[in-house]
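A.B. asks: Could you work out the structure for the sequence below:
(4 chains)
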Protein chains: 2
Amino acid sequence: MARSRSLKPGRPAYQQIADELRASIRSGELGDGDRLPSETELIETFGVARMTVRAALQVLQHEGLAVAEHGRGVFVRHRRPFRRRSVQRLSRAQWGSGRAMWEADTAEDRTVSATIEVTRERAADDIADRLRVPPGTDVVVRRRLHSVDGQPLQLSAAHLPAEIAVGTPIAEPDTGPGGTYARLEELGYPLEGFVEEVQARMPSPDEARLLALPTGVPVITIVRVAHTSDRPVEVNEIVVNSDLYVLEYQIRP
Amino acid sequence: MARSRSLKPGRPAYQQIADELRASIRSGELGDGDRLPSETELIETFGVARMTVRAALQVLQHEGLAVAEHGRGVFVRHRRPFRRRSVQRLSRAQWGSGRAMWEADTAEDRTVSATIEVTRERAADDIADRLRVPPGTDVVVRRRLHSVDGQPLQLSAAHLPAEIAVGTPIAEPDTGPGGTYARLEELGYPLEGFVEEVQARMPSPDEARLLALPTGVPVITIVRVAHTSDRPVEVNEIVVNSDLYVLEYQIRP
DNA sequence: GAGTGGTCTAGACCACTAT
DNA sequence: TAGTGGTCTAGACCACTCT
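C.D. replies: Modelled structure (predicted):
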């Protein structure tokens, strides 16, 4: 960044400074992980007040292009989606084989971990609606936080009618080989298909904390409904760190 | 919001103010479209400087919970996803029938419009890679901006090898009934399937402008590859307003 | 004109990181 | 200790909306 740059009237100063920095990032002049000019340097370069350069840096952070590290500087953020979720994850070959679904798209050298909490609750209206049971029906809820190599990736909350799950391994923290879907088939609920509804939004503060999300990184939400030929048997609400995920879907015409 | 509220030490004032406002929104005390307390009111309520209450309001805007309207106030943002993209969109029944794919999931009373620009370019590396052609190969690019009821929804850039598309309706703005996919089949490229890669991120300033995105609304990006039994024939890069979309995918085990 | 949010200044003190 | 970003103040002027 050259010394003493001029700003044109008409467009706010903080946006012009953000524009210049963004251009430096896009052009590759500032690469992944590089430190941006410090606030002090930007104040000298552009001849503006500190709050003005801070506003410019905030713009870049909220665009997901930069992250601030207290005491160290503001750095170009590097995306590294190291996981890919594909349709294959939900194939019977996967969970029928005794592998956890979770492992389906995980490279061998990754360390996968999860915390889990199983509770019994009354179904919220939207869950009951999707399960096609009366509002307030008892459900077993399996809440998990999945991490890979210590990096939190995904929150999930699987809801199953208590009538189906209670007294089975599905209501235990460890569902055994093949997981919930393998158990459902054993219990006489052969799965016919899944429907996933995908959306994106900014995280709540809680989600940002649990998933260790930097500023400017949205979450992808997935509502997956697993169903047999005559009824839905599970609703899984999933929230994923969009920075680390590429979802893959295959469609046949 | 009661008058004169106290702030506790330890947590930054602007975050505590944001917390209170967020709680009011989540509880429903402030509903969709309601005006939040003005900056002046918040200054009096919490006894802080203006930049502090502004910081609190920015937090909510970047979370996608509120939108500021210059001269009017800051309002609770209301989500209204009025479109749903499902697997059915890509069924042969859809585009084989002469309906534009675009219409597949559009309710009858919507006004659909699009701008389109068709160009011939050298393929960028990632596009060439996905089309399995040498880098720099000539491609026909169909860039569109889709809107519904005047609201911009989606940007797309469909890339096809020039070898396939040149001299056909695919290189014209209007591809005719059933669109590009119907033409491809007529030209001897029967489609065997599609793969979609879905990610989410914050928009670039250009995307935010074109899609009329408020602060705090991410985009969903989709890279769709259409292929015949022996080669990919189209790569479509799609950027959608995540506020207006629910993607739906069906999966068979 | 009164009220709203948008930009900007010139300071202050604090917390964190590096050396 | 020097340099970095994080929070906060008490003003200023501007642009927009509504009545």
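A.B. asks: burial of residue A:227, as a residue count?
C.D. replies: Other residues within reach of residue A:227, judged by other CB atoms under 10 Å in any protein chain shown, total 19. Yep, even glycine has a C-beta here, placed from its N, CA and C like the rest.
A.B. asks: Please verify my assumption that it contacts residue A:192.
C.D. replies: Yes: with contacts counted by CB atoms under 8 Å, residue A:227 reaches residue A:192, the gap being 6.0 Å.
A.B. asks: buried stuff in stretch A:140-157?
C.D. replies: Across stretch A:140-157, burial judged by 16 or more other CB atoms under 10 Å in any protein chain shown covers A:140-142, A:144-148, A:151-157.
A.B. asks: which of these sit farthest apart?
C.D. replies: Spanning the widest gap among these are A:140 and A:151, at 28.2 Å by CB to CB.
A.B. asks: related to what we said a few turns ago, let's see which of the buried residues of stretch A:140-157 end up in strands.
C.D. replies: Residues of these located in strands (DSSP state E): A:140-142, A:144-148, A:151-157.
A.B. asks: So which residues on the stretch 1-150 of chain A come close to DNA strand C?
C.D. replies: Applying CB under 7 Å from any atom of the strand, we find that the stretch 1-150 of chain A lies next to DNA strand C at A:12-15, A:47-52, A:55, A:69-72.
A.B. asks: redo that, cut-off 6 Å
C.D. replies: Within the stretch 1-150 of chain A, the positions near DNA strand C by CB under 6 Å from any atom of the strand are A:12, A:13, A:14, A:48, A:49, A:50, A:51, A:52, A:70, A:71, A:72.
A.B. asks: Any of those buried? List them.
C.D. replies: A:13, A:14, A:48, A:52.
A.B. asks: and these as JSON lines, adding secondary structure?
C.D. replies: Conversion of those to JSON lines gives the following (DSSP: H, G, I helix; E, B strand; the rest coil):
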{"residue": "A:13", "secondary structure": "helix"}
{"residue": "A:14", "secondary structure": "helix"}
{"residue": "A:48", "secondary structure": "coil"}
{"residue": "A:52", "secondary structure": "helix"}
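A.B. asks: May I see the residues you listed organised as CSV, with pLDDT added?
C.D. replies: Below are those laid out as CSV (pLDDT from 0 to 100):
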residue, pLDDT
A:13, 98
A:14, 98
A:48, 97
A:52, 98
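A.B. asks: farthest pair in the residues you listed?
C.D. replies: A:14 and A:48, at 8.0 Å, using CB to CB across these.
A.B. asks: joint contacts of those two?
C.D. replies: Jointly contacting residue A:14 and residue A:48 under the rule CB atoms under 8 Å, 6 or more residues apart in numbering or on different chains is no residue at all.
A.B. asks: looking at chain A, which helix or strand does the model trust least?
C.D. replies: Every helix and strand of chain A was ranked by mean pLDDT, DSSP states H and E. The lowest is helix A:92-96, at a mean of 63.
A.B. asks: Buried residues, whatever helix or strand comes next after that helix. List them.
C.D. replies: Going down the chain from helix A:92-96, the next helix or strand is strand A:112-122, by DSSP states H and E. Under the neighbour-count criterion of 16+ other CB under 10 Å, strand A:112-122 has A:114, A:118 buried.
A.B. asks: List the buried residues for the following helix or strand past strand A:112-122?
C.D. replies: Remark: after strand A:112-122, the chain's next helix or strand is helix A:125-131, criterion DSSP H and E. Within helix A:125-131, the residues that count as buried by 16+ other CB under 10 Å are A:127, A:128, A:130, A:131.
A.B. asks: Give the other helices and strands that helix A:125-131 contacts.
C.D. replies: strand A:151-161, strand A:232-241 (3 or more CB pairs under 8 Å, 6 or more residues apart in numbering or on different chains; DSSP states H and E).
A.B. asks: What strands line up against the longest one, and which way round?
C.D. replies: Each strand paired with strand A:151-161, and its direction, by DSSP bridges: strand A:138-148 (antiparallel), strand A:232-241 (antiparallel).
A.B. asks: Figure out which of these is closest to residue A:171.
C.D. replies: The closest of the strands paired with strand A:151-161 to residue A:171 is strand A:138-148. By CB to CB, the value is 5.1 Å.
A.B. asks: residues in contact with that closest one?
C.D. replies: With contact meaning CB under 8 Å, 6+ apart, strand A:138-148 is reached by A:82-83, A:102, A:106, A:110-123, A:127, A:131, A:133, A:152-163, A:165-166, A:170-171, A:180, A:210, A:244.
A.B. asks: gap between that strand and the chain center?
C.D. replies: From the chain centre to the centre of strand A:138-148 is a distance of 15 Å (CA atoms, centre = their mean, to the nearest Å).
A.B. asks: For that strand, list the C-alpha coordinates in PDB.
C.D. replies: Output of strand A:138-148 as PDB, limited to C-alpha atoms (Å, rounded to 0.1, in the frame of the first residue of the first chain):
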ATOM      1  CA  ASP A 138     -42.900 -37.200  22.800                       C
ATOM      2  CA  VAL A 139     -39.800 -37.400  20.800                       C
ATOM      3  CA  VAL A 140     -36.300 -38.700  21.400                       C
ATOM      4  CA  VAL A 141     -33.700 -36.000  20.500                       C
ATOM      5  CA  ARG A 142     -30.100 -36.800  19.700                       C
ATOM      6  CA  ARG A 143     -28.100 -33.500  19.800                       C
ATOM      7  CA  ARG A 144     -24.600 -33.700  18.500                       C
ATOM      8  CA  LEU A 145     -21.600 -31.500  17.800                       C
ATOM      9  CA  HIS A 146     -19.300 -33.000  15.300                       C
ATOM     10  CA  SER A 147     -15.700 -32.000  14.900                       C
ATOM     11  CA  VAL A 148     -12.900 -33.000  12.600                       C
END
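A.B. asks: Next, the angle from that strand to strand A:112-122.
C.D. replies: With axes from the mean of the first three to the mean of the last three CA atoms, to 10 degrees applied, the angle from strand A:138-148 to strand A:112-122 works out at 160 degrees.
A.B. asks: Let me see the mean pLDDT of strand A:138-148.
C.D. replies: The average pLDDT within strand A:138-148 is 95.
A.B. asks: Just send the helices and strands packed on helix A:125-131 back as JSON lines, with distance to residue B:176 and mean pLDDT too.
C.D. replies: Below are the helices and strands packed on helix A:125-131 laid out as JSON lines (distance: least, CB to CB, whole Å; pLDDT from 0 to 100):
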{"stretch": "strand A:151-161", "distance to residue B:176": "43", "mean pLDDT": "95"}
{"stretch": "strand A:232-241", "distance to residue B:176": "39", "mean pLDDT": "96"}
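A.B. asks: coming back round to it: DNA strand D: which of the strands paired with strand A:151-161 is closest?
C.D. replies: Of all the strands paired with strand A:151-161, it is strand A:232-241 that lies closest to DNA strand D, at 20.1 Å by CB to the nearest atom of the strand.
A.B. asks: From the rest of the structure, what touches that closest one?
C.D. replies: Contacts for strand A:232-241 (CB under 8 Å, 6+ apart): A:127, A:130-132, A:152-161, A:164, A:180, A:184, A:189, A:191, A:203, A:207, A:211-213, A:217, A:219-227.
A.B. asks: C-terminal to it, what's the next element?
C.D. replies: Assignment by DSSP H and E places the next element after strand A:232-241 at strand A:245-251.
A.B. asks: Only the buried residues of that following strand, if you could.
C.D. replies: Neighbour counts over strand A:245-251 (16+ other CB under 10 Å) mark A:245, A:246, A:247, A:248, A:249, A:251 as buried.
A.B. asks: Residues of the stretch 151-253 of chain A that sit close to chain B?
C.D. replies: Within the stretch 151-253 of chain A, the residues that sit near chain B (CB under 8 Å from any CB of the partner chain) are A:191-205, A:215-220, A:242-243, A:245-253.
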